[in-house]
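Peer 1: no sequence for this one, just the structure:
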């Protein structure tokens, strides 16, 4: 498959997580790779590392968009580190670079990625993550809520293909 | 008062809003100015403009941190436009520059500012805005929820003084 | 004078410098303040600190656009710290926020500010700083070279007024 | 070869250029690919496009770090577009992500990349590009000046290996 035709799917989640969450992320990474996708993530630990590990297990390719100024902060499963030196502002790059994002669990950084993706028009697939309720009169954001890794990757691919 | 001793309070909200929301923002801006605060905002329309207008009414000073590449996009009540050219990444600068943020109503950009403020450790005061519910097992974020402009500014000042 | 009518003049230079350079920067800062200008700088030591000190001596106002994530890294003469958390990417904000920049001496960070200002269309006034020679066939950049603080501030004001 | 062991080499240059410059860039791209390198560039036209085209001719892989908010602005030879939405601030990401940069010809944007690379400690190889002369007393920056594409890629590889 041509590189540009491969879907670029972001996996967003916390840099530290429990084994259950890590297992979900790993499965998501594997499924992205099997679908021919390019895994985009923040390049660090926790969900990012587990997803990248899964993608590599399945022969995929992984991009890590790092907050710091050194490629050495990338986890061991990142093929291509993108070094931004921009701290949390790199979250914007994550969601702009991904054609859809799968969000797994997460803290406030992950919540910012949900919000920035919605703002930028990148489809958001939610797997055991934050719920957000708009203020009175505000529009409910379009988030696809799923319960399994299979559903998550399938939903992300659907969004990208425009199904 | 010495400039550096003046509290820097961010007001975050949508670039378009209904009159009721606009009135809240204007009052918040007035109260920030009366408290000797420096108003930080995104520099554009809606809540940002109403808050800046209120601050100027009360003799305050206003900083607008703009997403685009030209100072001309600042609303008429911005004293000092900071031109970033960085789109939504400027939301990070808003919340790092503010010592506390008051969030009023808002869409997904505003939600990202709530999340980024929480991530960066900037206190968040919520006035008729998003509710966010963490994933199972996740910590509930520390957000001060208020119902009036007076409570909002009072809470922001308390956070800054470390009350 | 209305805040928005006050010229926003950047002073760019190294974070460490010899006394002779520091004296130039201080004089430039004083003259900017006396002309009613708002001093924009990177907020740290060396030329930035000396220029801000000069501006405060003359009753001016100073904005420091900081690379790190804490207002505490601002020098003592910064009235309003803008906290970017973006490292060297904040150099872009410096030159977009300034209506003209005066560049004094400097290392590679300062050279990047000369280049970014030229790229963004912000007029550059050079005072004992880098010389840059374009590749064969390339256009010589428009830099106003001066030899005294008086000439520097006068040239910056001329550029802003469109003389 | 393991992805992480492949050298990441940036090619910086103008978005429009004459055929002679374009030919140099294409050759540089080819040689980077033949050496197993990953080509990093700004993703747009001119030198960036020619270098990416050369790399693809030789079976390499190309990363384009884009200034705008859409992957569609990438040239046809970019395998993986990184979408920053940050305008010229993306130049910082170019030089941090590259382990060495080869600079070919160029305007003020390219000059900023030379300066930012020097500032960030990324080795700079200059091929028919800007000359920069520091202010009196300032240190001459360490730039490797070369005259052919072969020398350029060879010098970049040497810098990365620490020869």
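Peer 2: Ah, there it is. Treat the numbers as computed from the prediction; the structure is a model and nothing was measured.

Peer 1: enumerate the residues of chain A near chain C.
Peer 2: A:69, A:85-89 (C-beta under 8 Å from any C-beta of the partner chain). For glycine as for every other residue, the C-beta is placed from the backbone atoms N, C-alpha and C.

Peer 1: make CSV from these and add distance to chain B, neighbour count and secondary structure to it.
Peer 2: Shown next, in CSV, are the residues of chain A next to chain C (distance: C-beta to the nearest C-beta, whole Å; neighbours: other C-beta atoms under 10 Å in any protein chain shown; DSSP: H, G, I helix; E, B strand; the rest coil):
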residue, distance to chain B, neighbour count, secondary structure
A:69, 16, 18, coil
A:85, 13, 23, coil
A:86, 7, 32, coil
A:87, 7, 22, helix
A:88, 5, 25, helix
A:89, 4, 30, helix
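
Peer 1: so which pair among the residues you listed is furthest apart in space?
Peer 2: Spatially, the most separated pair among the residues of chain A next to chain C is A:69 and A:88, at 14.1 Å (C-beta to C-beta).

Peer 1: could you pull out the helices for chain A?
Peer 2: Along chain A, counting by DSSP state H, helices occupy A:19-34, A:47-57, A:90-97, A:108-120, A:149-161.

Peer 1: can you tell me which of those is most buried?
Peer 2: helix A:90-97 (a mean of 28; mean count of other C-beta atoms under 10 Å in any protein chain shown).

Peer 1: for it, packing partners?
Peer 2: Other helices and strands packing on helix A:90-97, by 3 or more C-beta pairs under 8 Å, 6 or more residues apart in numbering or on different chains; DSSP states H and E, are strand A:8-12, strand A:38-41, strand A:61-66, helix A:108-120, strand D:80-83.

Peer 1: which residues does that helix contact?
Peer 2: A:8, A:10, A:12, A:40-42, A:63, A:65-67, A:82, A:84, A:86, A:101, A:109, A:112-113, A:116-117, A:120, A:122, B:87-89, B:116, D:69, D:71, D:81-86, D:93 (C-beta atoms under 8 Å, 6 or more residues apart in numbering or on different chains).

Peer 1: wait, what's in contact with residue A:108?
Peer 2: Per C-beta under 8 Å, 6+ apart, neighbours of residue A:108: B:115-116, B:118-119, B:141.

Peer 1: do that again at 10 Å, thanks
Peer 2: Residue A:108 makes contact with A:14, A:88, A:130, B:114-121, B:124, B:132, B:134, B:138-139, B:141, according to C-beta atoms under 10 Å, 6 or more residues apart in numbering or on different chains.

Peer 1: roughly how far apart are it and residue B:115?
Peer 2: According to C-beta to C-beta, to the nearest Å, residue A:108 and residue B:115 sit 5 Å apart.

Peer 1: what touches both of these two?
Peer 2: A:88, A:130, B:124, B:132, B:141.

Peer 1: among those residues, which one sits closest to residue C:19?
Peer 2: residue A:88 (38.7 Å).

Peer 1: mind checking pLDDT for that closest one?
Peer 2: Per-residue confidence (pLDDT) for residue A:88: 97.

Peer 1: tell me if I'm right that it and residue B:115 touch.
Peer 2: Yes: using C-beta atoms under 10 Å, residue A:88 is in contact with residue B:115, at 9.4 Å.

Peer 1: overlap in contacts of these two?
Peer 2: Counting by C-beta under 10 Å, 6+ apart, the residues touching both residue A:88 and residue B:115 are A:108-109, A:112-113, A:116, B:91, B:95.

Peer 1: looking at the residues you listed, which two lie furthest apart in space?
Peer 2: Longest span within the shared contacts of residue A:88 and residue B:115, C-beta to C-beta: A:113 and B:95, 14.9 Å.

Peer 1: now do the same contact list for residue A:75.
Peer 2: A:15, A:41-46, A:48-53, A:62, A:64, A:66, A:81.

Peer 1: out of these, which are close to chain D?
Peer 2: Contacts with chain D within the contacts of residue A:75, as defined by C-beta under 10 Å from any C-beta of the partner chain: A:62, A:66, A:81.
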